[in-house]
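Asker: Need coordinates for the below:
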Amino acid sequence: MRKTWRNPLFWVMMVILTVIFLGPLVVMILTSFKTSIEAKQVPATSFPHTWTLRAYRQLLFVDDASPVLRWVLNSFVAATVNSVLTCLFAAMAAYAFARLRLPGKNVLFAIVLSTMFVPGFIFLMPNFELMSKLQWLDSLPAIIFPGTAGAFGVFFLRQFFVALPKEFEESAMIDGAGPFTTFFKIVLPNAKGALATLLVLSFLGNWNDFVWPIYVLFSDASLTLPVGLTRLQGSYTIDYPVIMAGATMAAVPVLVIYVVLQRYIIEGVASSGLKG
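Answerer: You can find the predicted model right below:
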């Protein structure tokens, strides 16, 4: 490990990867502070000659602007509720596959995993019909509940539960704890790293989802931020700073969540991805 840290090639690769991943994000943020004319200049400028908040004022405070704050709120509520429900349902199913003795459990688990190989577009029409029957079209439940029972979360958490020592559960049962008490008070607290990882992945997937909301959301007040950002593009001209400001607002919540939960995410990936 020490030899790796001392190898100059290692640091060169780290710098290159940092530029590749952070470069577009930095360009996006800098462009959001440029004027519309400067954003269209060729060759492009690295830093704004004149720093301005016009794009953010256009998004948030101009009377005839699109309801961006409403879109942000819709996206945040939908992504938060969806990710919490995903973690809850996946944890219960994964624990059953990891611990309970059920006839045909391995076959059932293989069937669940097989759904990961089915293209998501196949489920668009059935889910649309279901949302229509439930009268959830053009509302937040239409983008919250579909996908909360995905196979990836079950597989990911099962890997962690299999590696979790059974002594924790046995000690709780000896003290008189029932299955639900053991699950919610013993198992889940010890799985916070894996749960945090799945929470962030689910939040990110729902927050950035574009295709499904287009199908089920129609009115401006119901749109999520990724879909709403497409309304900012005019028919004959593109205000790049405004679009980049909207994209920056879409990226910030995910970055904040990742920074806050970074330690748990690393622990979750290490424990769920390498064991079991």
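Asker: check contacts around the closest residue to Thr50 other than its chain neighbours.
Answerer: In this structure, Thr50 finds its nearest non-sequential neighbour in Thr35, 6.0 Å apart by Cβ to Cβ, 6 or more residues apart in numbering. Heads up, the C-betas are built off the backbone N, CA and C, glycines and all. By Cβ atoms under 8 Å, 6 or more residues apart in numbering, the residues touching Thr35 are 48, 50, 52, 54, 241.
Asker: For Thr35, give me the backbone phi and psi.
Answerer: phi -80, psi 160 (degrees, to the nearest 10).
Asker: what's the answer for Phe145, then?
Answerer: phi -80, psi -40.
Asker: quick one: low-confidence parts of the stretch 51-200 of the chain?
Answerer: Low-confidence segments of the stretch 51-200 of the chain (pLDDT under 70): 62-66.
Asker: repeat that with 90
Answerer: 54-70, 72, 99-106, 115-123, 147, 149-150, 159-194, 196-197, 200 (pLDDT under 90).
Asker: Now do the helices in it.
Answerer: Ranges of helices in the stretch 51-200 of the chain, per DSSP state H, counting those that start in this stretch, are 54-60, 68-99, 105-114, 124-133, 141-144, 151-163, 167-174, 179-182, 188-190, 192-208.
Asker: Go through those and name the closest to Leu9.
Answerer: Closest to Leu9 of these is helix 192-208 (Cβ to Cβ; 29.7 Å).
Asker: quick one: contacts of stretch 245-252?
Answerer: 25, 28-29, 32, 55-56, 58-59, 68, 72, 75, 207-208, 225-226, 228-229, 232.
Asker: buried subset of those?
Answerer: For these, a burial check counting by 16 or more other Cβ atoms under 10 Å picks out 28, 32, 55-56, 58-59, 68, 72, 75, 207, 225-226, 228-229, 232.
Asker: What is the most widely separated pair among those?
Answerer: That would be Gln58 and Trp207, which, of the buried ones among the contacts of stretch 245-252, are the farthest apart (Cβ to Cβ) at 22.4 Å.
Asker: And the residue nearest to Thr50, how far from Tyr240?
Answerer: 10 Å (Cβ to Cβ, to the nearest Å).
Asker: And Glu129, by the same measure?
Answerer: 39 Å.
Asker: Those two: who's more crowded?
Answerer: The neighbour comparison of Glu129 against Tyr240 (other Cβ atoms under 10 Å) goes to Tyr240, with 18 against 10.
Asker: Which residue, other than its chain neighbours, is closest to the more buried one?
Answerer: Closest to Tyr240 by Cβ to Cβ, 6+ apart is Ala39, at 4.1 Å.
Asker: And for Ile214?
Answerer: Per Cβ to Cβ, 6+ apart, closest to Ile214 is Val227, 5.8 Å.
Asker: Contact partners for that neighbour?
Answerer: Val227 touches 71, 210, 213-214, 217, counting by Cβ under 8 Å, 6+ apart.
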